[in-house]
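Asker: Everything below, folded, please.
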Amino acid sequence: MVYDTLNPRIVEFILQDKRRGLKVLDVGCGTGRLGSSLKEKGRYDIYGIEVDASSAALAAKTYDQVSTIDLEELIKGRSNFNRDEKYDYIVFGDILEHTTSADKLLVYFRDFLPDDGSMIISLPNVANWMVRLKLLFGNFNYSGGILDQGHMKFFTYRTARALIEKSGYRIIAVKNNNQTLFFRFLGSIWKSMFAFQFVFKCVKAKEERA
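Answerer: Residues are numbered from 1 along each chain as shown. Here you go, the predicted structure:
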């Protein structure tokens, strides 16, 4: 599946940071829409990871570097992301729900985040009112979006937060991504019901010492 979309809430989180020369790692970057948008707005060093070779080639036109890596192979320990750098932002934009072990990926990439860095994670909300309404009438069809056929895991607001926190992160801000202002407003009040996607900004949780 070719990923060629842009989540504006992710861009908003990064643009709030006024530091110059930020390094961004876009995990599952697809054709590179996020990096292209950021490059248009300021000076960023953008790195990507993408399994699809044709998408990676498109992203490489604007990204500083793109690594072709299968995240499933990384999860199984049969591949590595061989870089010694740390990144101010690591982005998982609509990626974790397509993997078998989202928690392993979050733990793995924790080492690439400095203490003052941020992880941005977007996840679809399977408890969105539209899905609930369909279930009420006995309908559950893979129709794209929240119910994309490529989704291996489904998340509610509660389970999304639990995934992030158990993987060693602390959530410092949450946005909801809806296409219309009306539902974005409702989603800001009642995320678990009206958010189409949750977009989390996280930092590494402090490790407790024995």
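
Asker: tell me how far stretch 41-50 is from the chain's mean position?
Answerer: Distance, stretch centre to chain centre, for stretch 41-50: 15 Å (C-alpha atoms, centre = their mean, to the nearest Å).

Asker: Only alpha carbons, please: show it as CSV.
Answerer: The C-alpha atoms that make up stretch 41-50 are tabulated as CSV, following Å, rounded to 0.1, in the frame of the first residue of the first chain:
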residue,chain,number,x,y,z
LYS,A,41,7.9,26.0,6.0
GLY,A,42,11.5,26.1,7.4
ARG,A,43,14.9,24.6,7.7
TYR,A,44,14.6,20.9,8.8
ASP,A,45,16.8,17.9,8.4
ILE,A,46,14.3,15.2,7.4
TYR,A,47,15.1,11.5,7.5
GLY,A,48,12.7,8.7,6.5
ILE,A,49,12.1,5.0,6.8
GLU,A,50,10.0,3.3,4.2
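
Asker: Show me what the worst-scoring helix or strand of the chain on mean pLDDT is packed up against.
Answerer: When the helices and strands of the chain are scored by mean pLDDT, DSSP states H and E, helix 181-189 comes last with a mean of 75. Helix 181-189 sits against strand 169-177, helix 191-194, with contacts defined as 3 or more C-beta pairs under 8 Å, 6 or more residues apart in numbering; DSSP states H and E. Bear in mind the C-beta positions are built from the backbone N, C-alpha and C, glycine included.

Asker: Tell me who's in contact with D17.
Answerer: D88, Y89, S118 (C-beta atoms under 8 Å, 6 or more residues apart in numbering).
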